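**Q** Return atomic coordinates for the entry below.
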Amino acid sequence: MNRTECATFSVQRVPEYFVRATIEQHHYLHRYPDPRSLPFAYALAVDGRLLHADGRPLGIVVYKKLQHHKQTGLFGGSGQPTAWQVLDLARVWVHPDLQSVSWTGLDRKRRPVRHTLNVFSRIVSLSLKAVQRDWLTHHPPVYPELAYHVELILSYCDREHHQGTGYRAAGFSLWGETSDGTKDIYLRHLRPPTWICQPSLIPGEQP
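**A** Residues are numbered from 1 along each chain as shown. As a prediction, the model looks like this:
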């Protein structure tokens, strides 16, 4: 049994330089999202610590704006979220040492079962709690009189590298597949926030 089981997990917004090299070297895509897609990142903190002993982040999540402005049945159509209300969960990376943590326990029927930290789903779920507010801070709405709160998160799951387990554990549902059949499309609807965007364009609490 590893003491990491009892650690406190959180996420922090971090600048691009903090995560870019790790994504380019160790993520299977080996490239950071194009700056025109307005990417912004979170790092995983374990008991407040962001870095492994080897200097790499413990975990990374990167969101970005989608390249297309409409997808039939999802957004951009009448009564659907606008393209500015949709974000792409573009990169998730977890340090190998955290992925390897596991232990054996018993299920409700007292049968042995293997447990893991489920870091992928935990870091994604934590970032989802902050992404609505942080996106507006990162990229304030140009037309605040129009709908601007993020309502939908999409992620394109490459079948060669993912089975979708982490997405489902983080509350995503399988919507379909890309036209070339190589990726599954997972989506997660977000609840409307309890705050509004103030005239200063900085999210604040409602009076």
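
**Q** who does Tyr156 bridge with?
**A** Tyr156 forms beta bridges with Ile185, as assigned by DSSP bridges.

**Q** how far away is it from Tyr167?
**A** The span separating Tyr156 from Tyr167 equals 11 Å under the rule C-beta to C-beta, to the nearest Å. From N, CA and C alone the C-beta is placed, and that goes for glycine too.

**Q** Neighbour count for the two, which is higher?
**A** A count of neighbours by other C-beta atoms under 10 Å puts Tyr167 above the other of Tyr156 and Tyr167, at 23 against 16.

**Q** Looks to me like that one is in a strand.
**A** No: counting by DSSP: H, G, I helix; E, B strand; the rest coil, Tyr167 is not found in a strand; it is helix.

**Q** picking that back up, shared neighbours, Tyr156 and Tyr167?
**A** Residues touching both Tyr156 and Tyr167 (C-beta atoms under 8 Å, 6 or more residues apart in numbering) are Tyr186.

**Q** Show me where the protein has its helices.
**A** Remark: helices assigned in the chain by DSSP state H are 16-26, 96-99, 119-138, 165-169.

**Q** For His69, which of those is the nearest?
**A** For the helices of the chain, the distance to His69 is smallest for helix 119-138, at 16.7 Å, taking C-beta to C-beta.

**Q** Now do the closest one: which elements does it pack against?
**A** strand 9-14, strand 40-46, strand 59-65, strand 86-94, helix 165-169, strand 203-204 (3 or more C-beta pairs under 8 Å, 6 or more residues apart in numbering; DSSP states H and E).

**Q** just how off-centre is the fifth one within its chain?
**A** Averaging C-alpha positions (C-alpha atoms, centre = their mean, to the nearest Å) puts helix 165-169 12 Å from its chain's average.
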